[in-house]
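Undergrad: Just the structure for this:
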Amino acid sequence: MRKFAKFLVLTVLTLAVILPAAQADESAQYAKGVVFNDANMNGVRDSGEEGLPNVGVSNGSMIVQTGSDGAYQVPVDDDTIIFVIKPRGWRAPLDKNNISRFFYVHKPKGSPAMKYKGVDPTGPLPESIDFPLCRQDEPDRFKALFLGDTQPHNNETVYYMSHDIMEELAGSDAAFGVTLGDVVGNTLSLYEDVAAAHGLTGIPWVYVKGNHDTNYDGQPDHHRTYETWARVFGPPYYSFNYGPVHFVVLNNPYFGQKSGYTAKLDFTQMSWLRRDLALVPKDQLVVLMMHIPLHRMADRAEIFSLLQDRPNTFSISGHTHTMYHIFYDETTGWKGSEPHHHLVNGAACGAWWRGTPDEVGLPHASSADGTPNGYSIITFDGTKYSVRFKAARRPADYQMTVYAPNEIPAADTGKTKVVANIFSSSDRSKVEMRLGDGPWVPMARVPQPDPGYLMAKQLEDKVAKPLPWRGVSAPGNSSHTWEALLPANLAVGAHMVQVRSTDMFGQTDIGRRIIYVR
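TA: Residues are numbered from 1 along each chain as shown. Reported below is the predicted structural model:
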């Protein structure tokens, strides 16, 4: 957004206050305006609509707070996105696709010529850049939807996403939805269609930038990689409050070299994050939303240093097309009083919309760890939260697949394993198995390839010359597979195997499989 030298100057400016005129750099350009209560929701400040004090406004580097009259002033250059940090109980206007318009893009000359369209020239800096906010009810307890990589790469895969995921979310009672990066698969011209499908759910939608959401012809200049993103979605990182929770959207694919990307925050974004968190009460729940998981970030330790004195934190990502939980503690560099929970949320597209089509023409799209494509429903309640996985177009209680042979020789029952893939389980889950009304016995978490995915891969490998995007990827070990041996000396006949899982949030699920002993 701005040149490195200018960022160094901005780092010494006073945080969270409007600079007095006597302190201002006379050679700098300043955006000025008012954040106001848009009582009639027409997007224009009318007579009697008061300014809102103590609202954060950022230029992507520094953060100022509005004065008692709602006024702000922030320095800008010719490549700046100015945005409001939404306070609790307020919302910015939504566009036709339910994307919040909480920002103003200042690019007088527009974006450079690129393969995918960027921002049109915005012209001279307006005399006043005003941000309307209107009131909304935000209770302590609310739900939000989290989708990992939706990642369509052509019109057909946009249709898959629309039918498989978005149609069932229409009319959701969630406060908002989030796509955790890789909104598309490099084809940035699909943004509008994807956003339209998300918008038809009827709830506001938040977007995190992924590595496949990039203007690759913008390299090696890191700040030219989100020109199309800025036009459609606004700033690549920002924060907002909803209810008692502070949410932070991070942009962590870093394109600093022609050879590709790494996972980290650039200097300016890290400085902004430090300033953002300085304005958040220490006991407030902070949720970091990013594309690439924390364990792959080169500057994870610095992020930890900003969080570890906070008792209530959570982070979530996508990127890997697998689902797993990480609990950071002192052995992994976290120094907080309690481990930090990071959820790698899986992928809405699963295995990139690949797999054998079902009866309505949609690919099974299971991920390589055997997780069905889907999304998470996270319920926030004060400083607490709980996560519930939802497989696309499946019943809400479909939380696992149980595997065992259809038939087993009576002499082999004590040597036969039952394997359960419990999609959102972790090492904090308790998993047990029983036959019929027998006693529950513990199952052990043993990472391994999902048996059903192995079978699907073998079947698809037999298809003569499958289309390259149809074939599923190679199986990988699942971190959420559990196993136990059947009891010995089972009677000949049919038996019901039951698997019971209780997760870290106290949510209990049952899976079943019928076997025959011969």
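Undergrad: which residues does the nearest residue to Lys430 once chain neighbours are set aside contact?
TA: Of all residues not flanking Lys430 in the chain, Thr502 sits nearest, at 4.7 Å (C-beta to C-beta, 6 or more residues apart in numbering). C-beta: built from backbone N, CA, C; applies to glycine. Applying C-beta atoms under 8 Å, 6 or more residues apart in numbering, we find Thr502 in contact with Ser429, Lys430, Val431, Thr508.
Undergrad: Am I right that the first one is in contact with Phe505?
TA: No. With contacts defined as C-beta atoms under 8 Å, Ser429 does not count as touching Phe505, sitting 9.8 Å away.
Undergrad: Have a look at these two and say which one is more surrounded.
TA: Counted by other C-beta atoms under 10 Å, Ser429 and Phe505 do not tie: Ser429 has more neighbours, with 20 against 14.
Undergrad: how deep is the nearest residue to that one once chain neighbours are set aside tucked in, by neighbour count?
TA: Closest residue to Ser429 apart from its sequence neighbours, by C-beta to C-beta, 6+ apart: Asp503 at 4.9 Å. Using other C-beta under 10 Å as the criterion, Asp503 is surrounded by 22 other residues.
Undergrad: isn't Asp503 right up against Arg428?
TA: Yes. Asp503 is within contact range of Arg428, at 7.2 Å (criterion: C-beta under 8 Å).
Undergrad: Looks like Ala410 contacts Ala488 (just checking).
TA: No. Applying C-beta under 8 Å, one finds Ala410 not in contact with Ala488, separated by 9.6 Å.
Undergrad: Please name the residues that touch the residue nearest to Ser429.
TA: Here Asp503 is in contact with Ser424, Ser425, Ser426, Arg428, Ser429, Asp509 (criterion: C-beta under 8 Å, 6+ apart).
Undergrad: could you redo the last one with a cut-off of 7 Å?
TA: Neighbouring residues of Asp503 by C-beta atoms under 7 Å, 6 or more residues apart in numbering: Ser424, Ser425, Ser429.
Undergrad: which residues does the first one contact?
TA: With C-beta under 7 Å, 6+ apart as the criterion, the residues that contact Ser424 are Met323, Val387, Phe389, Gln399, Asp503.
Undergrad: which intervals of this protein have sub-threshold pLDDT?
TA: Scanning the chain for pLDDT under 70 picks out 1-27, 219-223, 257-259, 462-472.
Undergrad: the helices in it, which residues?
TA: Using DSSP state H, the helices of the chain run over residues 4-10, 155-161, 167-169, 191-199, 227-232, 267-278, 300-307, 451-461.
Undergrad: Can you say which of the ones you listed is packed in most?
TA: Mean neighbours per residue, mean count of other C-beta atoms under 10 Å, is largest over the helices of the chain for helix 227-232, with a mean of 22.
Undergrad: Quick one: list the elements packing against that helix.
TA: helix 191-199 (3 or more C-beta pairs under 7 Å, 6 or more residues apart in numbering; DSSP states H and E).
Undergrad: Grab the CA positions of the helix it packs on and hand them over as CSV.
TA: The C-alpha trace of helix 191-199 is given here as CSV (Å, rounded to 0.1, in the frame of the first residue of the first chain):
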residue,chain,number,x,y,z
TYR,A,191,-14.9,-13.4,-8.1
GLU,A,192,-18.2,-11.8,-9.0
ASP,A,193,-20.0,-15.1,-9.6
VAL,A,194,-18.6,-16.5,-6.4
ALA,A,195,-19.6,-13.4,-4.4
ALA,A,196,-23.1,-13.5,-5.9
ALA,A,197,-23.6,-17.1,-4.8
HIS,A,198,-22.3,-16.3,-1.3
GLY,A,199,-24.5,-13.2,-1.2
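Undergrad: That helix - contacts with which helices or strands?
TA: Using 3+ C-beta pairs under 7 Å, 6+ apart, helix 191-199 sits against helix 155-161, helix 227-232.
Undergrad: Tell me who's in contact with the closest residue to Thr157 other than its chain neighbours.
TA: Once flanking residues are discounted, Thr157 sits nearest to Trp353: 4.5 Å by C-beta to C-beta, 6+ apart. For Trp353, the contact set (C-beta under 7 Å, 6+ apart) comprises Pro152, Thr157, Tyr160, Pro363, Ala365.
Undergrad: now swap in Arg310 and tell me
TA: Lys282, Val286.
Undergrad: now stretch 124-139, how far from the centre of its chain.
TA: On the basis of C-alpha atoms, centre = their mean, to the nearest Å, stretch 124-139 sits 25 Å off its chain's mean C-alpha point.
Undergrad: Now do the end-to-end distance for it.
TA: End-to-end distance for stretch 124-139, by C-alpha to C-alpha, to the nearest Å: 41 Å.
Undergrad: Now tell me what touches that stretch from outside.
TA: Contact partners of stretch 124-139, identified using C-beta under 7 Å, 6+ apart, comprise 29, 31-38, 41, 43, 45, 52, 76, 82, 84, 88-93, 102, 104, 106, 108, 242-243.
Undergrad: now those residues: which count as buried?
TA: In the contacts of stretch 124-139, burial by neighbour count holds for 31-38, 45, 52, 76, 82, 84, 90-93, 102, 104, 106, 242-243, counting by 16 or more other C-beta atoms under 10 Å.
Undergrad: What is the nearest of the contacts of Ser424 to Val184?
TA: Checking the contacts of Ser424 against Val184 by C-beta to C-beta gives Met323 as the nearest, at 21.1 Å.
Undergrad: Distance of the closest one relative to Asp461?
TA: Per C-beta to C-beta, to the nearest Å, Met323 is found 24 Å from Asp461.
Undergrad: before we move on, what about Gln151?
TA: Noted for Gln151: a distance of 23 Å to Asp461, by C-beta to C-beta.
Undergrad: now Arg296
TA: 30 Å.
Undergrad: Repeat that for Tyr226.
TA: 39 Å.
Undergrad: and what of Thr332?
TA: In this view, Thr332 and Asp461 are 38 Å apart by C-beta to C-beta.
Undergrad: Repeat that for Tyr254.
TA: According to C-beta to C-beta, Tyr254 stands 37 Å off from Asp461.
Undergrad: again with Gly234
TA: Following C-beta to C-beta, the distance that separates Gly234 from Asp461 is 44 Å.
Undergrad: Please apply the same query to Lys209.
TA: 35 Å.
Undergrad: again, but for Ser425
TA: 29 Å.
Undergrad: for Ile82, same thing?
TA: Ile82 is 53 Å from Asp461, where distance means C-beta to C-beta.
Undergrad: Please consider this matter closed, and thank you.
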